[in-house]
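In: generate coordinates for the sequence data below:
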Amino acid sequence: MVAAKLTYEECRRKRLEENNKGFKPSTFPPFSSSPRISHPEVFPAKNSKPRRVREQQVPLRRSSRVANKAYQAQKEISEPVVIPAVVTLKWEGFVQPVYASEEARTCAMERAEELQASLEPQYPSFLKSMLQSHVTGGFWLGLPVHFCKTTLPKSDVIMNLVGEEGDEYPTVFLARKSGLSGGWKRFSVAHKLVDGDALVFQLVRPTKFKVYIVRVSSFEEGNKC
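Out: Numbers count the residues shown, from 1 in each chain. As a prediction, the model looks like this:
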């Protein structure tokens, strides 16, 4: 047993010697001599100076006619900027809108109510006080919704307006919007309607209105109702 054990040890030693013969020593320095990695907080940061930017004077761009002349330094002159005023254009036929006073408007409506009470009761009617949107600009006249739903046609039709002198003016009645659109401007301009005028619309036929006008100008300038 001892001889076998010694034989094994001798074989093991020979193998180690053979392995060491083929092993080359490392060229790297030992771990103790390798440089250490320093922590960034070990060395304080240097105070960097602000970078200076050189100001260069660039000559103004000149046309080719004065390119050969010597450049003369020009001083910057600060002048106030003048903003042009807004000009309102006036066109022919434009009328400055005039607003009726509340007192005159009320008096005109009261007189229109008296006129409506004197009409034939078998013909339905309603009152309408004129606003700026009715007589200028858009020329759109909205009618009472309840009157339109209960009395007027349910679809768009041509509604004729009979003026003070008996002339008829066809207008477009829009059922969904409950108002008069196309043709109303012609009626308004022909009768010189203004803000505050009170109108009585009397439905004499399914598609015809007899229109009575109470002028607000009759109650202006201190005139009593």
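In: ok, longest helix in the chain?
Out: helix 2-22 (DSSP state H).
In: buried residues in the helix or strand just after it?
Out: Helices and strands here follow DSSP states H and E; after helix 2-22, the next one along the chain is helix 102-117. Neighbour counts over helix 102-117 (16 or more other C-beta atoms under 10 Å) mark Ala104, Arg105, Thr106, Cys107, Ala108, Met109, Arg111, Ala112, Leu115, Gln116 as buried. In this view, the C-beta of every residue, glycine as well, is placed from N, C-alpha and C.
In: tabulate the residues you listed in CSV, adding columns for pLDDT.
Out: Shown next, in CSV, are the buried residues of helix 102-117 (pLDDT from 0 to 100):
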residue, pLDDT
Ala104, 87
Arg105, 89
Thr106, 90
Cys107, 90
Ala108, 90
Met109, 92
Arg111, 93
Ala112, 93
Leu115, 93
Gln116, 94
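In: low-confidence stretches in the protein?
Out: Low-confidence segments of the chain (pLDDT under 70): 1-6, 22-48, 53-97, 221-224.
In: still on that earlier bit, then the longest helix of the chain to CSV, C-alphas only?
Out: Extracted as CSV, the C-alpha positions of helix 2-22 are listed here (Å, rounded to 0.1, in the frame of the first residue of the first chain):
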residue,chain,number,x,y,z
VAL,A,2,2.9,2.4,0.9
ALA,A,3,4.6,1.6,-2.4
ALA,A,4,1.5,2.2,-4.3
LYS,A,5,0.9,5.5,-2.6
LEU,A,6,4.4,6.7,-3.2
THR,A,7,4.1,5.7,-6.8
TYR,A,8,1.0,7.8,-7.1
GLU,A,9,2.7,10.8,-5.5
GLU,A,10,5.6,10.5,-7.8
CYS,A,11,3.4,10.3,-10.9
ARG,A,12,1.5,13.4,-9.7
ARG,A,13,4.8,15.4,-9.1
LYS,A,14,6.0,14.5,-12.6
ARG,A,15,2.8,15.8,-14.1
LEU,A,16,3.1,19.1,-12.3
GLU,A,17,6.7,19.5,-13.5
GLU,A,18,5.7,18.8,-17.1
ASN,A,19,2.9,21.3,-16.8
ASN,A,20,5.2,24.0,-15.4
LYS,A,21,7.6,23.5,-18.2
GLY,A,22,4.9,24.5,-20.8
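In: for Val145, what are its contacts?
Out: Ser178 (C-beta atoms under 8 Å, 6 or more residues apart in numbering).
In: any chance you could list what contacts stretch 161-174?
Out: Here stretch 161-174 has contacts from 152-153, 156-160, 179-184, 186-187, 190-191, 204, 207-213, using C-beta under 8 Å, 6+ apart.
In: please name every helix or strand in contact with the longest helix of the chain.
Out: The criterion is 3 or more C-beta pairs under 8 Å, 6 or more residues apart in numbering; DSSP states H and E, and there are no helices or strands that helix 2-22 contacts.
In: what's the local residue count around Lys128?
Out: Residues near Lys128, counting by other C-beta atoms under 10 Å, number 18.
In: skipping adjacent residues, who's closest to it in space?
Out: Using C-beta to C-beta, 6 or more residues apart in numbering and skipping residues adjacent in sequence, the residue nearest Lys128 is Leu199, 4.8 Å away.
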